[in-house]
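S.K.: Here is the input, now give the coordinates:
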Amino acid sequence: MSILLDKASTAPTPTTAERDVKLDNNKTRITEWRFAPGAQTGWHRHTHDYVTVQQSGGRLRLENADGTEKFVDYQDGRTVAYQAPIEHNATNVSDVEIRVLEIEFE
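M.R.: Below is the predicted model:
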């Protein structure tokens, strides 16, 4: 599952994205995320593979632990799979709210 880390972000004024854990057991964690413009997750490490189900438009900037960054353009209904381990911070760099369902699994 993802683990929050204590790292500074390059974002000028960090606002924490809203998260609502819908399910959390020994096999699966399902989290609904809402990012206001400029909001971010904070640095965290994914220790399990996961999928995201995008529920809005918008654009996220992913800052990776190795110093690289990637931009993800959201489209309502798009599903993307990721392989752990991943350590990053996600920031909404668009002017619209981003909504996403994140499903981490063992």
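S.K.: quick one, what contacts the residue most central in space within the chain?
M.R.: Geometric centre of the chain, nearest residue: residue 90, 5.2 Å, by CA atoms, centre = their mean. Residues counted as contacts of residue 90 (CB atoms under 8 Å, 6 or more residues apart in numbering) are 17, 35, 40-41, 60-63. Yep, even glycine has a C-beta here, placed from its N, CA and C like the rest.
S.K.: and with 10 Å instead?
M.R.: The contact partners of residue 90, by CB atoms under 10 Å, 6 or more residues apart in numbering, come to 9, 17, 33, 35, 39-44, 52, 60-63, 70, 72, 98, 100, 102.
S.K.: Okay, strands next: where are they in the protein?
M.R.: 2-4, 15-16, 18-24, 28-35, 39-40, 44-46, 50-54, 58-64, 69-74, 79-82, 86-92, 98-105 (DSSP state E).
S.K.: Off-centre distance for the fourth one?
M.R.: What that stands for is strand 28-35. 8 Å (CA atoms, centre = their mean, to the nearest Å).
S.K.: Likewise for the third one?
M.R.: Taking the mean of its C-alpha atoms, strand 18-24 sits 12 Å from the chain's own mean (CA atoms, centre = their mean).
S.K.: and that strand with strand 98-105, angle?
M.R.: Here strand 18-24 runs at an angle of 30 degrees relative to strand 98-105 (axes from the mean of the first three to the mean of the last three CA atoms, to 10 degrees).
S.K.: quick one: strands adjacent to strand 18-24?
M.R.: strand 28-35 (antiparallel) (DSSP bridges).
S.K.: outside of the partner strand, which residues touch it?
M.R.: Strand 28-35 has contacts (CB under 10 Å, 6+ apart) with 1-2, 15-24, 39, 41, 48, 50, 52-53, 55-56, 58, 60, 74, 90-94, 96-106.
S.K.: ok, now with 7 Å
M.R.: Residues outside strand 28-35 that contact it (CB atoms under 7 Å, 6 or more residues apart in numbering): 1, 17-23, 92, 97-105.
S.K.: Now the buried members of those.
M.R.: Buried members of the contacts of strand 28-35, counted by 16 or more other CB atoms under 10 Å: 1, 17, 92, 97-104.
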